Each structure stands twice: as C-alpha cells, then as structure tokens.
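Engineer: next input, structure requested:
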Amino acid sequence: MKLSTPIFQLKRRAKLMVRNNAIPLHEALDQIACEEGFAAWSLLSAHVAAGSLSKDLFSRIVNGDMLLLAGRPGQGKTALAFELLRAAAEAGRQSILFTLEMTEQQVRKRTGQHAGAQREIEIVTSDEICADYMIRYLSPAKPGTFAVIDYLQLLDQQRHKPDLSQQVTVLAEFAKKTGVIFAFILQIDRSFDPQIKRFPDMRDIRLPNLLDLGLFTKACFLHNGEAQLHNVN
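Structural biologist: Residues are numbered from 1 along each chain as shown. Sure thing, here's the model as predicted:
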C-alpha cells in the first residue's frame, strides 16, 4: 500500500492538526493513518519500516532458504512478510501467502491488493493448511518461488495434522529439493526484555511443541523498527 505522501510530511500534518484542533498527537497520527488506509499509526509506521527492510533482506535470500520472521506483536513481522511477497511478485516470481490467521479480505486490505491485480500475490486461507497441503499446492512451483506461512505456531493446532517438527522437516526437505523459499512468521516469548538485549534471538522463540530450529537457514528478528538477520547454521 503506497502512502499519498512521504511519512515526514504526514507527521507535519499531524502536528498541524494538534495545533489547530487541540487534540493529542497520538490521536492526530491515528486519524492520518486511517486516511492512508491503516487502522492505526503504529501499523503505518511498521509498513514504512518494512518497506526499507525488505529490500536488503530480499537481496540476501537464496533459493531453498527456510526463513524465520520473528518478533513480538506490533513489531512489523507481518508487514515485512507482505513486503517480501510483493518484492518477489515484482521480480516475476510466484508469490504465495498461506495464512491460518487472516481472511483473504483482511490480507487484501493490508496489502492494498485487489483481485486480478498484475503481479498478484496468491492468498491461500484454507483451514487444511499444513506441510502436505502446501507441498501439493507448490508441486509445479519453480525455483525461487516465495511462500510465506502465517504463522508457524498454528501449523499443528488441529489434531489430525502431523506435529510441528514433522511438518517443518518435510518442508525443509522440499525447499532443498525444489528451490522454493519458505518464510515463517512466528511469535517471540513475552519474557523477552529489550532492556537486557536489543533484539530477541533463537532462545526467545515461543514454541508449543519441540522443534529443531536447525532446520531453518536464516532468522530475522524485529524490534522497535529495526531488524537483525543472521544465518542459523
């Protein structure tokens, strides 16, 4: 979703609204964010931060990568995932979002994408999403196809699905064999304390079940508008 004007100009407008209308700054910022199509200023700023982060991150991803996008709520991991999907689509790659969290309408609202758009991001919202489902969907995919899973911890929440470790193992093997790239949105434990360290790390990942994190190749941790990317192995 493209802003109508650069973010610094939007901030100036907000300050003008504060002076002219005698309202708090946070209220003015949220009002402007709504006019730009975002529910709150925090979502708008996360979108802007993700746009700059995605360019660098996308250039460092290689075919077959298993990427983690991790952070506490509101830190921009979903916005970054959407920007990466958009970058992949604009590069002419197949770009797919598998989401167990959002509806198609919610995704289109957040990405600003309408049905039938050029370079369209494919949106899959089936309740049956799991490793086997995604592999069947991606069976004809070319190397460099970019798939985002929203989100990792939801993959095995239904009893008829294999456990998380088994699913990620299968996806890692598929990625290595085909060159498909998987990016997994996931949550960080509430115990992460930014007063102690600047970014969360692998030890802060919140998992409902045992999982070998060595199955992933790269991890990107987000906090306070910044990101840190490192190789897992």
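Engineer: contacts and neighbour counts: CA atoms only from here.
Structural biologist: OK.
Engineer: what about this structure, any weak spots by pLDDT?
Structural biologist: 1, 46-47, 49-52, 112-119 (pLDDT under 70).
Engineer: residue boundaries of the strands in it?
Structural biologist: 66-71, 95-99, 122-124, 146-150, 181-187, 218-223, 226-231 (DSSP state E).
Engineer: save these as CSV, and put in mean neighbour count too.
Structural biologist: Conversion of the strands of the chain to CSV gives the following (neighbours: other C-alpha atoms under 10 Å):
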stretch, mean neighbour count
strand 66-71, 26
strand 95-99, 23
strand 122-124, 17
strand 146-150, 25
strand 181-187, 23
strand 218-223, 22
strand 226-231, 15
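Engineer: save those as CSV, and put in distance to Pro162 too.
Structural biologist: As requested, the strands of the chain are exported to CSV (distance: least, C-alpha to C-alpha, whole Å):
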stretch, distance to Pro162
strand 66-71, 19
strand 95-99, 17
strand 122-124, 20
strand 146-150, 16
strand 181-187, 17
strand 218-223, 24
strand 226-231, 27
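Engineer: any idea which of the ones you listed gets closest to Met134?
Structural biologist: Set against Met134 and scored by C-alpha to C-alpha, the strands of the chain come closest in strand 95-99, at 8.0 Å.
Engineer: packing partners of the closest one?
Structural biologist: On a contact count with 3 or more C-alpha pairs under 8 Å, 6 or more residues apart in numbering; DSSP states H and E, strand 95-99 meets helix 77-90, strand 122-124, strand 146-150.
Engineer: so what touches the longest one?
Structural biologist: Put plainly, it is helix 77-90. 46-47, 50-51, 53-55, 58, 69-71, 94-97, 111, 119-121, 145-148, 183, 185, 222 (C-alpha atoms under 8 Å, 6 or more residues apart in numbering).
Engineer: report the contact partners of His223.
Structural biologist: Contacts of His223 (C-alpha under 8 Å, 6+ apart): 71-72, 75, 198-200.
Engineer: are any of those buried, and which?
Structural biologist: Buried by 16 or more other C-alpha atoms under 10 Å: 71-72, 75, 199-200, out of the contacts of His223.
Engineer: ok, the residues you listed vs Leu10, which is closest?
Structural biologist: Minimum distance to Leu10 across the buried ones among the contacts of His223 is 20.5 Å, recorded for Gln75 (C-alpha to C-alpha).
Engineer: now do that closest one against Ala147, distance only.
Structural biologist: Distance of Gln75 to Ala147, computed by C-alpha to C-alpha, to the nearest Å: 21 Å.
Engineer: same question, Gly71
Structural biologist: Gly71 is 19 Å from Ala147, by C-alpha to C-alpha.
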